[in-house]
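>>> let me see the structure of the following:
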Amino acid sequence: MIAVENLTKQYRRLRAVDDLSFTVRAGRVTGFLGPNGAGKTTTLRMLLGLVTPTAGTATIDGRRYVDMADPIRHVGAVLEASSAHRGRTGRDHLRVVCQAAGLPARRADEVLDLVGLQPAAQRKFKGYSLGMRQRLGIATAMLGDPGVLILDEPANGLDPEGIRWMRDLLKGLAGEGRTVLVSSHLLAEMQHLADDVVIVAAGRLIQQGPVTDVLGSGQAAQVRVRTPEPGRLTEAIEQEGLQVRGEADGSLLVIGAEAAQVGGVAFRAGVELHELTGERVDLEQVFLELTAGKAAIR
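Numbering: from 1, shown residues only. I've put the predicted structure just below:
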């Protein structure tokens, strides 16, 4: 488990992280979300001992990363696309890391299989695409067979097939009981991938919890409707105590209603309908609602 408690980082006039607390549970994929400048990367760097907190703590299974005697066997991390010697093959890069960490050389091929890079194992790093470098980074993180995996934007450079592969891999690792924390801007993908989310803005916690609960914290269901008599329908809907607004495409959007409810209002008012579509709130909508207007702290 990852535990962040009252974590703060002050850079002169900029407070990048402000009294931030959250937990990441084992056996689940947790999405770490926030706008640019929200403090996500700074938080991850503090968690991995790369930045010293101004206040608070960030621990992994009750210990700071810097206090672990053999961290590669406990925590795997990728904070940016993998870096390696340009003239070294993917397999050789992994074997060098194994040797430095005291791991058996066979782990290089095992993790190449895990991330689907075995066909490119003998290709030099300079010939790797960005997506292949992302896979190599994950392979490197998995060399020690860690129980905790921390990834910052791991889907960058991946095509749709690669993104699906990433989703299946991370879900599978969490299913083995590992703790998986993923920072990403791909909100639609995070809705499919994550079991839990932690949303931050301006260095502060905005929302955390299971994805289903966070989605429930946003706007209620909404209905898109088209009619040749928008004025009459708007009046009838508002008389029911529902919120309705006109959209640029000429449709009406009814907030907090189900399609059958709006259809009933139109029927009683004698208004002809050309479209009646129920829409469910998604993670992107909730994210934008929760983080709207929250600028970085100065």
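>>> any weak-confidence spans in the stretch 151-298 of the chain?
For the stretch 151-298 of the chain, the stretches flagged by pLDDT under 70 are 216-220, 295-298.
>>> any chance you could map the helices in it?
For the stretch 151-298 of the chain, the helices defined by DSSP state H, counting those that start in this stretch occupy 160-175, 187-193, 211-216, 230-239, 259-269, 283-291.
>>> cool, the stretch 1-150 of the chain as well?
Ranges of helices in the stretch 1-150 of the chain, per DSSP H, counting those that start in this stretch, are 40-47, 90-101, 106-115, 130-141.
>>> nearest to D196, out of these?
Nearest of those to D196, taken as CB to CB: helix 40-47 at 15.3 Å. C-beta coordinates here come from the backbone N, C-alpha and C atoms, glycine included.
>>> just the CA trace of that closest one, in PDB.
This file holds the C-alpha atoms of helix 40-47, laid out as PDB (Å, rounded to 0.1, in the frame of the first residue of the first chain):
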ATOM      1  CA  LYS A  40       1.400  15.000  -9.800                       C
ATOM      2  CA  THR A  41       4.900  14.500 -10.900                       C
ATOM      3  CA  THR A  42       6.300  16.300  -7.900                       C
ATOM      4  CA  THR A  43       4.300  14.000  -5.700                       C
ATOM      5  CA  LEU A  44       5.600  10.900  -7.500                       C
ATOM      6  CA  ARG A  45       9.200  12.200  -7.200                       C
ATOM      7  CA  MET A  46       8.800  12.700  -3.500                       C
ATOM      8  CA  LEU A  47       7.300   9.200  -3.200                       C
END
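>>> let me see the mean pLDDT of that helix.
Mean pLDDT, computed over helix 40-47, is 96.
>>> same thing with stretch 73-91?
88.
>>> list the buried residues in that stretch.
By neighbour count on 16 or more other CB atoms under 10 Å, the buried set for stretch 73-91 is 73-79, 81-82, 84, 89-91.
>>> could I get the residues you listed as JSON lines with distance to D145?
Output for the buried residues of stretch 73-91, formatted as JSON lines (distance: CB to CB, whole Å):
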{"residue": "R73", "distance to D145": "7"}
{"residue": "H74", "distance to D145": "10"}
{"residue": "V75", "distance to D145": "11"}
{"residue": "G76", "distance to D145": "9"}
{"residue": "A77", "distance to D145": "14"}
{"residue": "V78", "distance to D145": "16"}
{"residue": "L79", "distance to D145": "20"}
{"residue": "A81", "distance to D145": "22"}
{"residue": "S82", "distance to D145": "18"}
{"residue": "A84", "distance to D145": "21"}
{"residue": "T89", "distance to D145": "22"}
{"residue": "G90", "distance to D145": "19"}
{"residue": "R91", "distance to D145": "18"}
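>>> how about the residues you listed, which pair is most distant?
Put simply, by CB to CB the two of the buried residues of stretch 73-91 set farthest apart are H74 and T89, 27.5 Å from each other.
>>> what's stretch 154-167 in contact with?
For stretch 154-167, contacts defined as CB atoms under 8 Å, 6 or more residues apart in numbering pick out 78, 81, 116, 129-131, 133-135, 137-138, 170, 182, 184, 186, 189, 192-193.
>>> closest one of the buried residues of stretch 73-91 to R45?
When these are ranked by distance to R45 (CB to CB), L79 comes first, at 7.1 Å.
>>> what sits against the spatially closest residue to that closest one that is not a sequence neighbour?
Distances taken as CB to CB, 6 or more residues apart in numbering put D152 closest to L79, at 4.6 Å, once the chain neighbours are dropped. Shown in contact with D152 (CB under 8 Å, 6+ apart): 40-41, 44, 78-80, 183.
>>> measure D152 to G56 for me?
The gap separating D152 from G56 is 20 Å, by CB to CB, to the nearest Å.
>>> what's the answer for F125, then?
According to CB to CB, F125 stands 37 Å off from G56.
>>> higher neighbour count, those two?
Taking other CB atoms under 10 Å, F125 and G56 do not tie; F125 has more neighbours (20 against 17).
>>> contact partners for that one?
Residues counted as contacts of F125 (CB under 8 Å, 6+ apart) are 84-90, 93, 133, 136.
>>> now do the buried residues in stretch 145-157.
For stretch 145-157, a neighbour-count test (16+ other CB under 10 Å) marks 146-155, 157 as buried.
>>> ends of that stretch, how far apart?
Stretch 145-157 has an end-to-end distance of 24 Å (CA to CA, to the nearest Å).
>>> and the nearest residue to V182 once chain neighbours are set aside, what are its bridge partners?
Counting by CB to CB, 6+ apart, the nearest residue to V182 once its immediate chain neighbours are dropped is L151, at 4.9 Å. Following DSSP bridges, L151 is listed with bridge partners V78, V182.
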